[in-house]
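# got a predicted model here, sequence first, then my questions.
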Amino acid sequence: MKQKHFYLIKSGELSIKRGNRPFFLKILKANLRRNLSHLEPTLSINGNRIYLECLADSKTEIEKTLTRTFGIAGFTRAVRCEKNMKGIEEGVISVAQSILEKEPGSSFKIEARRTDKSFSLDSYELADTFGNTLRQRFPESRVDVHNPDWILNIEIREDVLVYLYGGDFDQGLITGKRGSGGLPVGTSGRGMLLLSGGIDSPVAGYLMAKRGLKLDAVYFHTPPYTPDEALDKVIDLGKILSPYLQGLVLLVVPFTDIQLKLKQETANEKLTLFMRAAMVEIASRLAAGRNAGNLVTGESLGQVASQTQESLRFTGSFTDLALFRPLIGMDKFEIIDIAKRINTYETSILPYEDCCTVFAPSKPLVRPRFEPLQNDYSRFERRELIEQAVEKTETIRL
Amino acid sequence: MKQVYLDWAATSPPYPAAIKKMHETSLELYGNPSSLHEEGKKAREALENYRERCAALLGCEPKQITFTSGASEANTLVLTSLLQRKRDRHLCISSIEHASVEYQARVLESLRIPVDRVPLSIGKASNEAEVALSSEQLASSINRHTAMVSIMTVNNETGAIMPVPMVRRVIDEAAEHHGKPIHFHSDISQAAGKIPVDLDKLGLNSATLSAHKFSGPRGAGILYSRVPLDTIVGGGGQENSMRPGTENLAAVAGMTVALETAVEKMEHNRQQACEHSEILIDGIRDIGGDIIPADYKTAPFENIYRNEEISFSPFILTAAFPPIPGELLTRVLDREGFSVSTGSACSSRGKRDLRVLTAFGVSAEKAASAIRISIGHSTGKQDIHRFLDVLKEQVANLKAVSS
């Protein structure tokens, strides 16, 4: 059965951006409204907090969404009660009981705030009164105002809220849940993620979304040299990423013709670099069409031949957009750790290759010389093919 | 145009008569064959009738037939029966066994049961590699602890027909030498209904098959065992206590009808397959493809099982067009309307398992470019010619890209 749930959400880093705070909070609120739209949410901003009320069968579905929405430092469930002593007492007892069941004998303190000054008790009296209530009701618990295990908050506003909240989420207090942190998606503008079926690029997308980018993704499909399963895999990855990215538009570029022409006209050792250059060119074109100001790739320095500094300089020279490589300084195992955490890993390691071995040079260039290679690539007649690829690009909404 | 199906070794289109029989049986004989009431008795009677008919077709006694869900399950039952032995549990298998045997062998190894894999001997006669199973090598893999030898009758990737009578002879000599019996098991899935199989004459102690390989239904198979096996499953006591579970009577009915049809038409189907196979081999060699193994040749009907030498089933052919990846060629042919595969269906969706093809002496590179073309009773000559035309065209295209 659907029940009303009340949450108090603490925004993350954005609270320090004083001047911009309303802008960030407004976007966070809009993101939450979209992510929770099936739960009829009511959202209001108060300081650097957002209050959420919604209808749900269980708290799990709400909390899953909250932990995936960037811009949230932490959140906690709250109980809303009637604005009289009896109502508050009931709220205080039920909240305290919920934690004492899990942590019997733990210590607490009460923090009370009163924005409604017409209420009969002031904040000190509120803390004192309901502290006594709890001590009588739960004799095994202790008050500890300096080092409490948990803090019970009472807020008297136009309504009354009672909730557990740790204040500082890094201190390991036993109340409240941590959010993903970061900035609300959309506060940093738009970007274009080059998404393959591998482990790295989904992680790159996740990390840049965390910094507030609203991403679209582009995938280069080369049938029949890669199987349809490879595209399905990318779609699956997009679906896994989508809740973090506030939805995802996947652009599927038919790349076979360009790949074939390159294969015919290019020395084998340069093939990978030239394919990547063409991908960067196409991604930039698509980015412009969607008002994206940057490209995001999963490249990591030295991981493969096309990711040495010389290779990256070459492929990076084919866009005038900002080029973000959030994994550039990461080890593979660090990337894998994140991939496992965000659940893309198991899909990424499915065996469908995103580049057929036919197009994989056995001895690729590792340290290309910049100018000669650029000259070489500039002789590759590609304008029309790129035009066609852009034109035939398919859009999938995930 | 209708897709041409050339993947009969993976599974085969069913005989309509078999499906019709299953449908009728499902509706009419729904009783549990173990029940004592009228419906149960009728079902039991039918089940035993099918058992008799299958036994007659395979050359054995009805009581030696156990109905299973297929060969993979049956192979598992046979191999894991070694776990019931306290000592002398050594297992000897060929290096080209189906995944269901190879996998169980690995499980047994992990449980400290010693396993030996007899390699094929790859000789060089003139320019062609001669593939054989050497009796000497087989004999040296058997020791006084050997309890079981498992060698398939027809290999599912290359169509190689193993010299079963020779294996029996070597096992008998070893058994006599060590003064104890050795169990000979063979997976006959790609042989049943396609080449003559007389279980009693072949001297197998156990054999396994799946109905869907000879146009019968999925989920039906036979475990033949000369004497009851001490399997590791129990429960309902069905099927001579070797395979518990309520018998799938409809599937057994479909299987019996399919096996009868296949055996009846065997000579004709095989003649036809030989013709088609020759056309395929010539056509493939014409466009520069390699048959795997290079000395592939089909055997005369009356002399299928050789001594050491390996002959081939005309229903299965593996060819390679290096450096084109087999996966890619399979995909391109599919788009052109021809269903072939890269090997056993079980392994071709993930990374390719090249274990079997490399055992036939080909390089990993060539094995990775292999495709399997397998034909059946309803494959037409026109289909073969059209296939070869398209193959020629596509191989030329892909070679231009791949080189």
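Everything's here; your move.
# only C-alpha atoms from now on, for both contacts and neighbour counts.
Fine.
# burial count for residue A:87?
Neighbour count for residue A:87, taken as other C-alpha atoms under 10 Å in any protein chain shown: 13.
# could you list every residue that touches the closest residue to it other than its chain neighbours?
Using C-alpha to C-alpha, 6 or more residues apart in numbering or on different chains and skipping residues adjacent in sequence, the residue nearest residue A:87 is residue A:81, 5.5 Å away. The contact partners of residue A:81, taken as C-alpha atoms under 8 Å, 6 or more residues apart in numbering or on different chains, are A:87, A:88, A:90, A:91, A:159, A:160, A:161, A:162.
# state the pair within those that is farthest apart.
Across those, the longest distance by C-alpha to C-alpha is 14.6 Å; it joins A:90 and A:159.
# who has more neighbours, those two?
residue A:90 (15 against 11).
# list the contacts for residue A:59?
Residue A:59 sits in contact with residue A:5, where contact means C-alpha under 8 Å, 6+ apart.
# thinking again about what came up before, filter the contacts of residue A:81 down to the ones in strands?
A:160, A:161, A:162 (DSSP state E).
# can you say which of the residues you listed are buried?
Buried by 16 or more other C-alpha atoms under 10 Å in any protein chain shown: A:160, A:161, A:162, out of these.
# neighbouring contacts of stretch A:293-311?
Contacts of stretch A:293-311 (C-alpha under 8 Å, 6+ apart): A:189-195, A:200-205, A:208, A:272-273, A:283-284, A:287, A:312, A:321-331, A:364-370.
# what is the end-to-end distance of that stretch?
One end of stretch A:293-311 sits 22 Å from the other (C-alpha to C-alpha, to the nearest Å).
# which SS class is residue A:75?
Three-state assignment for residue A:75 (DSSP: H, G, I helix; E, B strand; the rest coil): strand.
# tell me how many other residues surround it.
27.
# how much space between it and residue A:63?
9 Å.
# ok, which residues in chain A are in contact with chain B?
A:224-227, A:260, A:263-264, A:350-352, A:357-359 (C-alpha under 8 Å from any C-alpha of the partner chain).
# check what pLDDT residue A:190 gets.
On the pLDDT scale, residue A:190 is placed at 97.
# burial of it, as a residue count?
21.
# which residues does it contact?
Counting by C-alpha under 8 Å, 6+ apart, residue A:190 has contacts A:213, A:214, A:215, A:216, A:291, A:292, A:293, A:294.
# between the residues you listed, which is closest to chain B?
When these are ranked by distance to chain B (C-alpha to the nearest C-alpha), residue A:216 comes first, at 29.3 Å.
# for residue 351, report the pLDDT, please.
Using chain A. pLDDT at residue A:351 comes out at 81.
# ah, no, chain B please
61.
# do the same with residue A:49
82.
# distance of residue B:209 from residue A:112?
When residue B:209 is compared with residue A:112 (using C-alpha to C-alpha), they lie 77 Å apart.
# pull the CA atoms of stretch A:150-162 into CSV?
Extracted in CSV, the C-alpha atoms of stretch A:150-162 (Å, rounded to 0.1, in the frame of the first residue of the first chain):
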residue,chain,number,x,y,z
TRP,A,150,22.5,10.1,17.1
ILE,A,151,20.8,13.4,17.1
LEU,A,152,17.1,13.8,17.2
ASN,A,153,15.9,17.0,15.6
ILE,A,154,12.7,18.8,16.3
GLU,A,155,11.7,21.6,14.0
ILE,A,156,8.7,23.7,14.7
ARG,A,157,7.8,25.5,11.5
GLU,A,158,4.3,26.0,10.0
ASP,A,159,4.2,22.3,10.6
VAL,A,160,6.4,20.1,12.9
LEU,A,161,9.1,17.8,11.8
VAL,A,162,10.9,15.2,13.9
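# would you mark the buried spots in stretch A:146-158?
A:148, A:149, A:150, A:151, A:152, A:153, A:154, A:155, A:156.
# any idea of the mean pLDDT in that stretch?
Rounded mean pLDDT across stretch A:146-158 is 84.
# can you check stretch A:297-315 too?
pLDDT averaged over stretch A:297-315 gives 93.
# quick check: buried residues in that stretch?
Per 16+ other C-alpha under 10 Å, stretch A:297-315 contains these buried residues: A:297-302, A:305-308, A:310-312, A:314-315.
# and if you look at stretch A:385-392?
A:386, A:388, A:389, A:390.
# need those residues in a markdown table with pLDDT, can you?
Formatted as a markdown table, the buried residues of stretch A:385-392 follow (pLDDT from 0 to 100):
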| residue | pLDDT |
| --- | --- |
| A:386 | 95 |
| A:388 | 95 |
| A:389 | 95 |
| A:390 | 96 |
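# in JSON lines, list these along with distance to residue B:196 and secondary structure.
Listed next are those as JSON lines, based on distance: C-alpha to C-alpha, whole Å; DSSP: H, G, I helix; E, B strand; the rest coil:
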{"residue": "A:386", "distance to residue B:196": "60", "secondary structure": "helix"}
{"residue": "A:388", "distance to residue B:196": "58", "secondary structure": "helix"}
{"residue": "A:389", "distance to residue B:196": "56", "secondary structure": "helix"}
{"residue": "A:390", "distance to residue B:196": "59", "secondary structure": "helix"}
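# would you pull up how far stretch A:66-74 lies from the middle of the chain?
8 Å (C-alpha atoms, centre = their mean, to the nearest Å).
# for that stretch, how far is the first residue from the last?
9 Å.
# check contacts around residue 194.
I'll assume chain A. Going by C-alpha under 8 Å, 6+ apart, the list of residues near residue A:194 reads A:201, A:217, A:218, A:219, A:283, A:295, A:296, A:297, A:298.
# try again with chain B
Residue B:194 touches B:214, B:262, B:263, B:266, B:269, B:270, counting by C-alpha under 8 Å, 6+ apart.
# now with 7 Å?
Residues counted as contacts of residue B:194 (C-alpha atoms under 7 Å, 6 or more residues apart in numbering or on different chains) are B:266, B:270.
# next: the one 3 residues further on.
For residue B:197, the contacting residues are residue B:58, by C-alpha under 7 Å, 6+ apart.
# likewise residue B:368?
So residue B:368 contacts B:325, B:326, B:354 (C-alpha under 7 Å, 6+ apart).
# can you give me the distance of residue B:380 to residue B:158?
21 Å.
# can you tell me which of the contacts of stretch A:293-311 are buried?
Looks like those have A:189-195, A:200-205, A:208, A:272-273, A:283-284, A:287, A:312, A:321, A:323-328, A:364-366, A:368 buried, using 16+ other C-alpha under 10 Å.
# quick one: which of the contacts of residue B:368 sit in helices?
residue B:326 (DSSP state H).
# quick check: mean pLDDT of whichever strand or helix holds residue B:224?
According to DSSP states H and E, residue B:224 maps onto strand B:221-225. Strand B:221-225 shows an average pLDDT of 96 in the prediction.
# in terms of secondary structure, what does that strand contact?
strand B:65-68, helix B:71-80, strand B:206-210 (3 or more C-alpha pairs under 7 Å, 6 or more residues apart in numbering or on different chains; DSSP states H and E).
# nearest to chain A among these would be which one?
Per C-alpha to the nearest C-alpha, nearest to chain A of those: helix B:71-80, 24.3 Å.
# wasn't residue A:261 part of a helix?
Yes: using three-state DSSP, the assignment for residue A:261 is a helix.
# give me the number of residues near it?
15.
# and for the one 4 residues further on?
Other residues near residue A:265 come to 12 when the count uses other C-alpha under 10 Å.
# repeat for residue B:403
Around residue B:403 there are 13 residues (other C-alpha under 10 Å).
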